[in-house]
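[1] Sequence and predicted structure below; questions after.
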Amino acid sequence: MLSQNELKQQVAKAAVEYIRPFLGSGVVVGVGTGSTADLFIDHLAGFKDQFKAAAASSERSAQRLAGFGIPVLDLNEVQGMPVYVDGADEINARLQMIKGGGGALTREKIVASVAERFVCIADESKVVDRLGKFAIPLEVIPMAVNAVARKMQALGGIPVLREGFITDNGNPILDVAGFSLDDAADMEAIMNNVPGVVTCGLFAISPASVALIATQQGIRTMKA
């Protein structure tokens, strides 16, 4: 039986094969953040001569890419990207996701918005019927932490400040538990409209284009 790390290795390698048709001399690849994204970067490095550069969603990923000699561009230098590859903390059949367990949700959402397609890579434990068992991260302006927490409680959520953590943007994160969502688009809009919220970790209004899921039987491709 494959371990979770072996499943992540499997799907990271499959993701590189999936995106190879999109590579080219002028292509910028969007790269996410997290343990599965780290493994994707490791496999992507073997093809670094087949694309121009990467755009990273965190300092962590940027450093890992640079360590392999892959040029990393500021997103302001990027006109467009054919593909963005990233993991998820949860994903449903609609390809809506909860992301941000690693705290990079805002930059992940921004970089993904520039790409033509979002390829989610995950192991089968991340596939759920309803989003919400994994607490929804919210990046919050520091002065608004308590105000946002009260709003989340009014919505029925249970907000907890992520202790000892600050995002690459210099903000704290509230992790909000207590939700069970079939379709998370409405909740994403509600959360994002709360004053003081930079963005929430629901990726439902713009879900993944495709998901590659590592299972004990091999890679499963999910499309909405």
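    Sure, I can see it.

[2] gap between Leu161 and Asn146?
    Distance, Leu161 to Asn146, by C-beta to C-beta, to the nearest Å: 9 Å. C-beta here means a position set from N, CA and C on the backbone, and glycine is covered the same way.

[3] Any chance you could list what contacts the helix ranked longest in the chain?
    Counting residues, the longest helix found in the chain (DSSP state H) is helix 4-19. With C-beta atoms under 8 Å, 6 or more residues apart in numbering as the contact definition, helix 4-19 has outside contacts at 2, 29, 35-36, 39-40, 42-44, 46-47, 82-83, 85, 119, 121-125, 210, 212-216, 218-219.

[4] switch the cut-off to 7 Å
    29, 35-36, 39-40, 43-44, 47, 83, 85, 119, 121-123, 125, 212-214, 219 (C-beta atoms under 7 Å, 6 or more residues apart in numbering).

[5] Now, those that are in helices?
    35-36, 39-40, 43-44.

[6] phi, psi of the nearest residue to Lys223 once chain neighbours are set aside?
    Excluding the flanking residues, the one nearest Lys223 by C-beta to C-beta, 6 or more residues apart in numbering is Val210, at 5.5 Å. Torsion angles at Val210 (phi, psi; degrees, to the nearest 10) stand at phi -150, psi 150.

[7] what pairs with Val210 across the strands?
    Beta-bridge partners for Val210, by DSSP bridges, are Val119.

[8] neighbours around it, how many?
    16 (other C-beta atoms under 10 Å).

[9] now swap in the one 5 residues further on and tell me
    Using other C-beta under 10 Å, Thr215 has 15 other residues around it.

[10] Tell me how far the closest residue to it other than its chain neighbours lies from Lys223.
    The shortest distance from Thr215 to any non-neighbouring residue, by C-beta to C-beta, 6+ apart, is to Glu124 (4.6 Å). Going from Glu124 to Lys223 by C-beta to C-beta gives 16 Å.
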